[in-house]
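Colleague: mind looking at a prediction? Sequence and model below.
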Amino acid sequence: MTKADLNQEISRKSKLNLNEVSAITDTLFDVIKQEITNGNKVTFKGFGTFKTKKRAAKKVQLIKQKQTVDLAEHYIPVFLPSKFF
């Protein structure tokens, strides 16, 4: 399912027009991205939690260039589904 499919399905079930649903889902995703970028967790009870996970610095090999580079410590977004999911 794509974002457009999700918007269509929500629009059909809620009787809201597609433009309103699209604005709502865009806002929802923007808020989630902003919160996890700031280091906060976003939890939906019965669904799951969006948060960031710290990755340690490490050396990686670039096979095509035949060299090793240092990859700095960084954070990645993760989703942890609830046990009810």
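Modeller: All right, it came through fine. Numbering: from 1, shown residues only.

Colleague: which stretches of this structure form strands?
Modeller: Assigned by DSSP state E, the strands in the chain fall at 42-44, 48-55, 58-62, 67-71, 74-81.

Colleague: and the shortest one, which residues are buried?
Modeller: Just to be clear, that refers to strand 42-44. residue 42 (16 or more other Cβ atoms under 10 Å). In this view, the C-beta of every residue, glycine as well, is placed from N, C-alpha and C.

Colleague: contacts only, for the closest residue in space to residue 82 that isn't next to it in sequence.
Modeller: Nearest residue to residue 82 in three dimensions, chain neighbours excluded: residue 48, at 5.0 Å (Cβ to Cβ, 6 or more residues apart in numbering). Applying Cβ atoms under 8 Å, 6 or more residues apart in numbering to residue 48 gives the contacts 79, 80, 81, 82, 85.

Colleague: you'd agree the third one is up against residue 50?
Modeller: What that stands for is residue 81. No. With contacts counted by Cβ atoms under 8 Å, residue 81 stays clear of residue 50, the gap being 10.6 Å.

Colleague: okay, these two: which has more neighbours?
Modeller: Neighbours per residue, other Cβ atoms under 10 Å: of residue 81 and residue 50, the larger number sits with residue 50, 18 against 9.

Colleague: how far away is the closest residue to that one other than its chain neighbours from residue 12?
Modeller: Leaving out its chain neighbours, the residue that sits closest to residue 50 by Cβ to Cβ, 6+ apart is residue 42, at 4.5 Å. Separation of residue 42 from residue 12 (Cβ to Cβ, to the nearest Å): 26 Å.
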